[in-house]
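Participant: Got a predicted model here, sequence first, then my questions.
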Amino acid sequence: MEKCMDVQSQGIKQQIKSVITLDYLTNYIYIEADKEAHVKEACKGMQHIYSNTKPMLVPIKEMTDVLSVKSKSVELSKDTWVRLKLGTYKGDLAKVLDVDNVRQRVTIKLIPRIDLKALANKLEGNEVGKKKKNFVPPPRFINNREMKYMHIPVERKQDAITGEYFETIDGMMFKDGYLYKTVSMKSISSQNIQPSFDELEKFRKPGKDSDGDMAGLSTVFANRKKGHFMKGDAVIVVRGDIKNLMGWVEKVEEESVYIRSNIPGFKEFLAVNEKELCKYFKPGDHVKVVSGAQEGATGMVVKVEGHVLIISSDTTKEGIRVFADIVVESSEITFGITKLGDYVLHRLMQME
């Protein structure tokens, strides 16, 4: 940069168009110019550049790779939601349990897709019939009683590292009905994973208490956008010492949300971290879903179950289950088909 400014001050025309360095390719720089002589002249007299080294022309096929931007990798941690990229479980939702950054592997749990009949035949040494092409068993939790009924041997083993006990079937590890696998980081997708409410409900084993819907809320919180809370929003505290306190948003400063509580006579504003707050609605409110699988849907809240809303859809009149945190109050109404040929919804027509 100093040499560039020095040449400019002397009124000499610049022959260099750009200079690029890459974080992942040390000890090299890329210089854009029309001629090799221009590159040599620009490097002459500069420290840390070997002038006796002949500049190498970047092949045209590699030029786009030089200027490509690497996507920011998502840091994996425990309880992160991911999806499998390959095999029988391609596209399936899984939860990260352990991360080994040295070996680039993660331990995950997911709902098994096991063909029990084929597995039983295999373990008994019977001939397994030819599977249908692209056949994928449906996801379902493993049940020990079902294993016993089908004469599938189940071994109970203790993990040498964690000390946890697992049921082992044909080399596969299970616990509480879930399949536990250790896979390569390259075989999972962790960017922009937003499980739908239905997926989270299916992932939670029936009868298993998982602290209500807090596991699903954590995922929703992680995908919040800037400006999520606005003045006037009705909110409820979902974590911390003042859990279940309700109020209204007065102002937002970075991660702190100042709320006016519903406690009679208490006039001071309370500062609450945004990760401890969730939006609150009551039956009769008309709302719009702003993210997730049901994005764009509108309807009236007919029931509130914790932090989950049951909405009567304006379009289908059927119930929709969504998290309260991905909903806003709205007078907007969405319709299904509004036009059929020359006929438009709500237009006056003359009957013949």
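Facilitator: That came through fine.

Participant: what kind of secondary structure is Asp6 in?
Facilitator: helix (DSSP: H, G, I helix; E, B strand; the rest coil).

Participant: any idea how far Asp34 is from it?
Facilitator: According to CB to CB, to the nearest Å, Asp6 and Asp34 sit 21 Å apart. Any C-beta I mention is one placed from the backbone N, CA and C, and that applies to glycine too.

Participant: Low-confidence bits of the stretch 101-250 of the chain, can you list those?
Facilitator: 127-133, 205-227 (pLDDT under 70).

Participant: ok, now with 80
Facilitator: 125-134, 160-162, 192-201, 204-228 (pLDDT under 80).

Participant: now do the stretch 251-352 of the chain
Facilitator: Ranges of the stretch 251-352 of the chain meeting pLDDT under 80: 291-294, 306-307, 332-352.

Participant: That one: strands as residue ranges?
Facilitator: 256-261, 269-273, 277-279, 286-289, 298-305, 308-313, 319-323, 327-329, 339-340, 343-344 (DSSP state E, counting those that start in this stretch).

Participant: who touches Ile108 in this structure?
Facilitator: Residues near Ile108 by CB atoms under 8 Å, 6 or more residues apart in numbering: 82, 94-97, 180-183, 188.

Participant: Return a selection command, for use in ChimeraX, containing the buried ones of those residues.
Facilitator: Buried residues within the contacts of Ile108, by 16 or more other CB atoms under 10 Å, are selected in ChimeraX with:
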select :82,94,95,96,97,180,181,183,188
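
Participant: Serialize the contacts of Ile108 to a markdown table and add fields for distance to Met46 and secondary structure.
Facilitator: Below are those laid out as a markdown table (distance: CB to CB, whole Å; DSSP: H, G, I helix; E, B strand; the rest coil):
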| residue | distance to Met46 | secondary structure |
| --- | --- | --- |
| Val82 | 47 | strand |
| Ala94 | 52 | strand |
| Lys95 | 53 | strand |
| Val96 | 48 | strand |
| Leu97 | 52 | strand |
| Tyr180 | 57 | strand |
| Lys181 | 53 | strand |
| Thr182 | 50 | strand |
| Val183 | 48 | strand |
| Ile188 | 45 | strand |
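
Participant: wait, which of the contacts of Ile108 is closest to Glu329?
Facilitator: Lys95 (32.4 Å; CB to CB).

Participant: can you redo the strands of the stretch 251-352 of the chain as TSV with mean neighbour count and distance to Trp248?
Facilitator: Below are the strands of the stretch 251-352 of the chain laid out as TSV (neighbours: other CB atoms under 10 Å; distance: least, CB to CB, whole Å):
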stretch	mean neighbour count	distance to Trp248
strand 256-261	18	5
strand 269-273	16	10
strand 277-279	22	11
strand 286-289	21	16
strand 298-305	17	17
strand 308-313	20	18
strand 319-323	19	20
strand 327-329	17	12
strand 339-340	9	40
strand 343-344	10	40
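
Participant: Between those, which one is closest to Asn121.
Facilitator: Closest approach to Asn121 among the strands of the stretch 251-352 of the chain is made by strand 319-323 (39.2 Å; CB to CB).

Participant: Direction included, what does that closest one pair up with?
Facilitator: strand 308-313 (antiparallel) (DSSP bridges).

Participant: chain center to the partner strand, what's the gap?
Facilitator: 23 Å (CA atoms, centre = their mean, to the nearest Å).

Participant: ok so, going back, switch the strands of the stretch 251-352 of the chain over to CSV; also include distance to Ser196.
Facilitator: Output for the strands of the stretch 251-352 of the chain, formatted as CSV (distance: least, CB to CB, whole Å):
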stretch, distance to Ser196
strand 256-261, 26
strand 269-273, 26
strand 277-279, 18
strand 286-289, 11
strand 298-305, 17
strand 308-313, 12
strand 319-323, 9
strand 327-329, 14
strand 339-340, 29
strand 343-344, 33
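
Participant: To Gly45, which of those strands lies closest?
Facilitator: strand 256-261 (54.0 Å).

Participant: Direction-wise, compare the closest one with strand 269-273 and give the angle.
Facilitator: With axes from the mean of the first three to the mean of the last three CA atoms, to 10 degrees applied, the angle from strand 256-261 to strand 269-273 works out at 140 degrees.
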